[in-house]
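**Q** Build me a model from this:
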Amino acid sequence: MTERREVWITGVGLVTCLGEGLDAAWRHLQRGDPPPYDDKSFAPYIVHPLAPIDFDKQIPKKSDQRQMELWQRVGVYAAGLALADAGIAGKPDLLDHTDMIVAAEGGERDIAADAAILSGMRSADKPGAFLNERLMSDLRPTLFLAQLPNLLAGNISIVHGVVGSSRTFLGEEPAGVDAVRVAQARIAAGQSELTLVGGAFHATRWDALLIYEESGALLQDSFAPVWDRGPQGGIALGNMGAFLMLESRDHAQARGARARGRILSVRSDRNRRQTGDIEATLRRQWEAIAAQVDRAHAGIISGAAGLEPATSAERAALKDFGLPVRATGTYIGHGLEAQFMSNLGIACAALEHGRLPAPAGVGDVGTSPSDLSQVVVTSVGHWRGEGLALVERVD
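**A** Got it, this is the predicted structure:
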């Protein structure tokens, strides 16, 4: 059996409501400043808006920007930040064999057309037939084509010159976990040297809010940390883009690249979400990595969303791990496909500074180790999917 190779994170690109870049996010998180959120624009729903960004810095052509919607611009921008952080941007000899795995859902819909169709269905004699007729006549094919998730990878290739293999994963939070898992596994197995992996999410739009409110998933009226939202809590969607450059250790060392962190393991699973299933899955994943964890110098960064019963179930499982916990969703909101990569990036910042972010909410427990060297990053999907990763500092 061929020995599996070490996988390093050599670049991080992060864009959230906390600002552009990993340093901006970390400054906010380590101070524990009040999170930026908007409870007015989409009332009664609470969202985390995107911080101001000069897209020209990473997408210089206005023509490229015009043909992208916000979720694509955010993703392309975050990808550019990751490439620059890794020292790969503008280097065709490296970009030519940089692979890419993107986790993303579709883009914006035609809000006016959707609203007219939904209103008309209320009085239609045959709602099904009415819906089919209006969908065929009201929605432009070009609009549909502009929403395809794999266009994010295509635009990254066009703007930044990443021309290796490309894959796009769909499926909300689990898609983000599996994107990292597959990228890490391919590099560890020698099937790739460089892989750009990430995602983007545009939260501040009525069609996205409609999708999640149909299942009663959204936080309304008043803000609270994710752990404190109670049985009637919900998710506060957040605009974000997050990309990581994963690289084999030998390749990184050969070109003199620094390591922001080393990924030791990525676990991904799902269950029927019956009572106790989430706890059982997380505990099984924890048991698979527990022998690698240096408990005296480790902590947890949780991707808890604030929606029940998933958040309480995760909190119950994390108590058994015996490590200090911090949930970033309180500060950056919930970005679905992009959430896991965002938290892996924040984990790299925590490793660099040797401590966890400041606590917020009753579930942020424990004192950060004085010399943090490992971080467990969790992802419990608001509806399906459980995952975690173990990342450590490279000395």
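**Q** Residue most distant from the centroid, the protein?
**A** Distance from the C-alpha centroid of the chain, by CA atoms, centre = their mean, peaks at residue 125 (42.5 Å).
**Q** quick one: the helices in the stretch 151-300 of the chain?
**A** 151-160, 172-188, 206-213, 249-254, 277-289 (DSSP state H, counting those that start in this stretch).
**Q** Correct me if wrong: residue 302 contacts residue 326.
**A** Yes. Counting by CB atoms under 8 Å, residue 326 is a contact partner of residue 302 at 6.8 Å. Heads up, the C-betas are built off the backbone N, CA and C, glycines and all.
**Q** Got phi/psi on the residue farthest from the centre of the chain?
**A** Residue 125 adopts backbone torsions of phi -70, psi -40, taken as degrees, to the nearest 10.
**Q** Next up, the contacts around it.
**A** Counting by CB atoms under 8 Å, 6 or more residues apart in numbering, residue 125 makes contact with nothing.
**Q** how near is it to residue 132?
**A** In this view, residue 125 and residue 132 are 14 Å apart by CB to CB, to the nearest Å.
**Q** same thing with residue 204?
**A** Counting by CB to CB - residue 204 and residue 132 are separated by 30 Å.
**Q** So for those two, which sits in the more crowded spot?
**A** More crowded of residue 204 and residue 132, by other CB atoms under 10 Å: residue 204, with 20 against 11.
**Q** Tell me who's in contact with that one.
**A** 38, 41, 42, 47, 49, 50, 237, 239.
**Q** Check it and give its pLDDT.
**A** What the model reports as pLDDT for residue 204 is 94.
**Q** Look up how far residue 346 lies from it.
**A** Per CB to CB, residue 204 is found 21 Å from residue 346.
**Q** Is residue 169 in contact with residue 103, as I believe?
**A** Yes. At 4.7 Å, residue 169 and residue 103 qualify as touching, with contact defined as CB under 8 Å.
**Q** worst average pLDDT in the helices of the stretch 151-300 of the chain?
**A** Among these, helix 206-213 scores lowest, at a mean of 90.
**Q** what's it packed up against?
**A** helix 111-123 (3 or more CB pairs under 8 Å, 6 or more residues apart in numbering; DSSP states H and E).
**Q** Quick check: buried residues in the helix it packs on?
**A** Across helix 111-123, burial judged by 16 or more other CB atoms under 10 Å covers 113, 114, 117.
**Q** contacting residues around the second one?
**A** Right, the one you point to is residue 114. Contacts for residue 114 (CB under 8 Å, 6+ apart) come out as 207, 210.
**Q** gap between it and residue 273?
**A** Applying CB to CB, the value for residue 114 to residue 273 is 29 Å.
**Q** One more: residue 386?
**A** In terms of CB to CB, residue 386 sits 10 Å off from residue 273.
**Q** And the two? Which one has more around it.
**A** Set side by side, residue 386 and residue 273 show more neighbours around residue 386, with 29 against 17, by other CB under 10 Å.
**Q** Tell me, how many residues neighbour residue 290?
**A** Residues near residue 290, counting by other CB under 10 Å: 14.
**Q** do the same with residue 148
**A** 13.
**Q** pLDDT at the closest residue to it other than its chain neighbours, what is it?
**A** Excluding its sequence neighbours, the residue lying closest to residue 148 (CB to CB, 6 or more residues apart in numbering) is residue 106, at 6.9 Å. Here the pLDDT value assigned to residue 106 is 75.
**Q** I'd guessed residue 106 sits against residue 152; true?
**A** No. Using CB under 8 Å, residue 106 is not in contact with residue 152, being 10.3 Å away.
**Q** Using the record, which stretches count as separate domains in the protein?
**A** The chain breaks down into these domains under automatic domain parsing: 7-109+144-254, 111-143, 264-392.
**Q** rank the ones you listed by pLDDT, which is bottom?
**A** Sorting the domains of the chain by mean pLDDT places domain 111-143 lowest, at a mean of 83.
**Q** Who are the packing partners of the helix or strand harbouring residue 101?
**A** Following DSSP states H and E, one finds residue 101 within strand 98-103. In terms of contacts (3+ CB pairs under 8 Å, 6+ apart), strand 98-103 is packed against helix 151-160, strand 166-169, helix 172-188, strand 194-201.
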